[in-house]
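Colleague: Below are the sequence and a predicted model; questions follow.
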Amino acid sequence: MLSLYNSLNRKKEAFKPIGSARVGIYSCGPTVYGRVHIGNLRAFLLPDLLQRVLRYIEHVDVDWVMNITDIDDKMIAKSQLEYDKLNPVEALERLADKYEELFLQDLEKIGIKRDDISHLPRATDFVVEMQSIIKGLLSSNIAYVQNGSIFFSIERYQKSGKKYGKLIDLNFSSKSRVTHDQDQKDGVADFALWKAKKPNEPYWDFKLDDTNYPGRPGWHIECSAMSTKFLGDTFDIHTGGVDLKFPHHENEIAQCGGSQANYYLHNEHLTVESEKMAKSTGNVMSIEDVKDPMAFRYLVMSAHYRSQMDFGSKDLAGAHERLRRLRTYTDQLMLARPGQLPEKDETKAVEQFNVEFKHALEDDMNTPKALAALSIIESKVYSLDAREAMRLVDSVFGLNMVNDTPLHDDILEAIDSYTQARTDKDFKKSDELRKNILEKYGLVAADTAIGTLVSRH
Ligand code: AMP
Ligand code: ZN
């Protein structure tokens with residue numbers, strides 16, 4: 001049974017899905033005003049891992065929704081800079097098109113395909129849904145209008161008997177907690193649901209009774225609207241980086257009337273010399289600058305998602321080397337010829353591996369422990385059950401290692417000649433044949449207890 005650390009209750013809990021059909025996951029996606037950095041990618045690898053683990057352990061299907069934030073101050077500023085000839089809404093759309101495309105390419109590099117995500121809604125396509133939530137908050141007197149903008153009142157919310165501060169302990173006497181905001185609000189922690197139109201900025205009409213409030217949505221309301229639209233009022237799991245607990249997720253919950261998802265999973269940050277990777281700090285790196293992006297995926301998986309991960313080029317080189325060895329072992333198993341691998345590993349190492357691998361993942365997705373269990377079989381055990389085990393590892397970790405394409409007859413003949421030369425102890429010939437296999441077919445021949453096995457170079 002899968003247990004997950006739920007930020008709502010600050011403890012590990014057995015995962016119980018709402019229904020028997022599909023598990024709903026909502027992840028806060030990128031703001032598409034620029035290219036994402038590899039710290040952001042860590043946050044998107046969490047739900048990808050989660051959906052794979054859910055399929056493996058809970059045998060459930062998953063609806064994974066990730067939004068695209070295509071409206072905020074940075075989007076507006078950048079779109080007006082890059083597309084100054086277009087009207088503000090068109091400029092915004094062009095900018096979003098450009099960076100959403102790059103985002104999808106970056107995800108693909110680390111093994112997340114577009115089709116792995118069930119829905120990728122853009123915020124500006126759901127303004128009507130946002131307005132509908134805001135209308136509800138106004139009619140229940142939790143929200144108020146000020147200078148054409150609409151705010152969520154924390155005080156009124158609390159007075160209505162609801163708890164604000166479900167994910168972290170909040171102390172409202174401390175103004176320092178509240179991000180700097182130039183909006184005029186009644187309470188320091190109040191936040192904008194709707195921001196009044198400013199000159200030359202994109203805006204949407206918002207008719208309330210007889211008055212129009214042209215403007216644009218606040219950030220938090222986007223996710224409440226899109227999560228409700230695609231997954232319903234209550235859904236299973238919400239993910240995001242730890243920095244989103246407050247105010248973003250706290251506000252999402254409040255806007256949804258006090259409950260939204262049953263489980264909140266937050267990944268810790270990717271840091272550089274102990275500092276969070278962030279555009280504002282200037283210590284960012286894009287996946288484009290990583291030679292082996294799947295090694296980055298491996299590196300992220302080799303740390304627990306709730307541990308900070310300090311990133312350095314040495315770590316990446318280490319992960320590349322580690323993954324290279326794992327690819328070699330997987331290839332050897334997958335490319336073995338029919339009949340070459342014994343059915344079962346008699347030492348029971350594979351059974352032990354399967355148990356440890358599963359236990360590790362059931363325990364709040366302890367990926368470093370699951371990867372460590374590989375040492376029980378890796379490069380030691382060659383059998384059909386070891387092959388199945390590696391197929392499982394690949395499907396859970398999404399490392400794209402498995403290649404099933406059967407070897408061509410020419411290659412099989414070349415391998416046979418090599419094996420024969422070794423049996424005849426004609427090492428000069430076998431060395432030449434090994435070299436030929438490498439140069440002609442890009443395969444490395446290795447001598448194992450069950451004969452010659454090959455892997456891609
Ligand atoms: P943003 O575009 O800043 O909203 O970030 C998108 C996602 O990336 C959010 O879930 C953030 O919490 C997450 N994130 C941002 N910086 C980092 C980082 N350095 N390490 C891990 N996650 C991050
Ligand atoms: Zn969000």
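Modeller: Yes, it's here. Ligands and ions are numbered 1, 2, ... in the order given.
Colleague: in what helix or strand does the residue in the stretch 101-250 of the chain that ligand 2 sits nearest to lie?
Modeller: Taking Cβ to the ion, ligand 2 has its nearest neighbour within the stretch 101-250 of the chain at residue 223, 3.1 Å off. From N, CA and C alone the C-beta is placed, and that goes for glycine too. Residue 223 belongs to helix 219-231 when assigned by DSSP states H and E.
Colleague: With just CA atoms, put that helix into CSV.
Modeller: Output in CSV follows, covering the C-alpha atoms of helix 219-231 (Å, rounded to 0.1, in the frame of the first residue of the first chain):
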residue,chain,number,x,y,z
TRP,A,219,-2.7,34.2,-9.9
HIS,A,220,-4.3,32.0,-7.3
ILE,A,221,-7.8,32.0,-8.7
GLU,A,222,-6.5,30.4,-11.9
CYS,A,223,-5.6,27.2,-10.3
SER,A,224,-8.8,27.0,-8.2
ALA,A,225,-10.8,27.4,-11.4
MET,A,226,-8.8,24.9,-13.6
SER,A,227,-8.5,22.2,-10.9
THR,A,228,-12.3,22.4,-10.3
LYS,A,229,-13.1,22.4,-14.0
PHE,A,230,-11.0,19.3,-14.8
LEU,A,231,-11.0,17.3,-11.5
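Colleague: mind listing what residue 79 touches?
Modeller: 33, 88, 91, 92, 94, 95 (Cβ atoms under 8 Å, 6 or more residues apart in numbering).
Colleague: which residue does the stretch 101-250 of the chain bring closest to ligand 1?
Modeller: Among residues of the stretch 101-250 of the chain, the one nearest ligand 1 by Cβ to the nearest ligand atom turns out to be residue 241. It sits 2.0 Å away.
Colleague: That residue contacts residue 266, correct?
Modeller: Yes - using Cβ atoms under 8 Å, residue 241 is in contact with residue 266, at 6.5 Å.
Colleague: For the stretch 1-150 of the chain, list the residues in contact with ligand 2, please.
Modeller: Neighbours of ligand 2 within the stretch 1-150 of the chain, by Cβ under 5 Å from the ion: residue 28.
Colleague: Could you pull out the helices in the stretch 1-150 of the chain for me?
Modeller: Taking DSSP state H, counting those that start in this stretch as the criterion, the stretch 1-150 of the chain carries its helices at 38-53, 73-82, 88-109, 127-139.
Colleague: Over the longest one, what's the mean pLDDT, rounded is fine.
Modeller: Helix 88-109 shows a mean pLDDT of 97.
Colleague: buried residues in it?
Modeller: Using 16 or more other Cβ atoms under 10 Å as the test for burial, helix 88-109 gives 88, 91-93, 95-96, 98-100, 102-104, 106-107, 109.
Colleague: I'd like to know how far the closest residue to ligand 2 within the stretch 301-450 of the chain sits from residue 55.
Modeller: In the stretch 301-450 of the chain, the residue that lies nearest ligand 2 is residue 305 (17.6 Å; Cβ to the ion). For residue 305, the distance to residue 55 equals 17 Å [Cβ to Cβ, to the nearest Å].
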